[in-house]
Structures are given as C-alpha cells and as structure tokens.
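[1] what follows is a predicted structure for the sequence shown.
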Amino acid sequence: MSDDTPTVAPLPRRNADGTTTVTTLDAGDVRLVCPSWCVFQHGYRHPPAKAEITHRSEPEWALADTPEHGPTSLVEVALVQWPFSDRPQVCLSVETDDGHLEVGPTGAHRIAAALRKQADHIDTMVDQLISLRAEVTGR
Ligand SMILES: [Zn+2]
C-alpha cells in the first residue's frame, strides 16, 4: 500500500436493535444508542478513539437573502455530544471566527444575546448607510 492511500475506518454497522457499532482504536467495537436528534452516520475517516465518538444534530444556519449576493448562511449551530469522553453532556456547537465552540446553556444564552446586540447594531448602521447614500445622491 502506498503512503498516499487514505486510511478508511471500517464502516459503522447498523444493528437490528437500532444501535450502531463503531470500531474504535482503543476499545474495539463500541455499540451506540444515538439520541433522537443525532443525524450523524458515525462513519469516520480513521478509526476514532472511543472518547472521540460524536453525536451531532442537523446543523442550522441563520439565512440571509440579500439583493447583492442572494441567499447566504450565517452562524451554524448544532447539538453535539461526545458520550464516552470526560465531558459527556450535550453541548451547543456554534460556528465562530475561532472555529466551532461548544457551549452549555449559559454560554449559548450569552452568544444569543451577543447576536441580538449585533442585529441591533446592524439596524443602526443601516440608518447611517441610508443617510450617507442620501448625502451622496443629494449633491
Ligand atoms: Zn449518534
């Protein structure tokens, strides 16, 4: 096998009882019960460590449709959980400039508050934009 051949983990197995079996690096076959919100198929490029097994919900984006650029997505959010890690609680994953941040309820409320504040700021800047464009066209 050449060195540039990607390692592909064994595909997860769907079991008759609705569980999924994932082959891990450190714990062999691990049988999962996915929460109802998990849409992740648990296919991994490389066999994961047991603690890296991740449940994920369908990602949701804020969508904006501007005349200049058409539909675009902003701020992806999703539920995530690493059920076999040292922090097994469900978190909210929020896309940021620093990558995806996983936060609990307090952090999620603070992010929502920051986004509402930013929305108000955008509305304020729209008023400024309208005034500035009126000055240019009024000359
Ligand atoms: Zn899952």
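    Yep, that arrived. Numbers count the residues shown, from 1 in each chain.
[2] low-confidence stretches in the chain?
    For the chain, the stretches flagged by pLDDT under 70 are 1-8, 139.
[3] what parts of it come near the ion?
    Residues of the chain lying close to the ion (CB under 5 Å from the ion) are 34, 38, 55. Every C-beta, even on glycine, is put in place using the N, C-alpha and C of the backbone.
[4] list the contacts of the first one.
    Looking back up the chat, that one is residue 34. When contacts are counted by CB atoms under 8 Å, 6 or more residues apart in numbering, residue 34 touches 20, 40, 42, 55.
[5] the nearest residue to residue 64 once chain neighbours are set aside in helix, strand or coil?
    Excluding the flanking residues, the one nearest residue 64 by CB to CB, 6 or more residues apart in numbering is residue 72, at 5.6 Å. With DSSP: H, G, I helix; E, B strand; the rest coil as the basis, residue 72 sits in strand.
[6] contacting residues for residue 72?
    If you count contacts by CB under 8 Å, 6+ apart, then residue 72 has 63-66 around it.
[7] can you give me the helices for the protein?
    Under the criterion DSSP state H, the chain contains helices at 105-138.
[8] just the strands in it please.
    Secondary structure of the chain by DSSP state E: the strands cover 13-14, 20-24, 28-32, 55-56, 60-66, 70-81, 91-96, 99-103.
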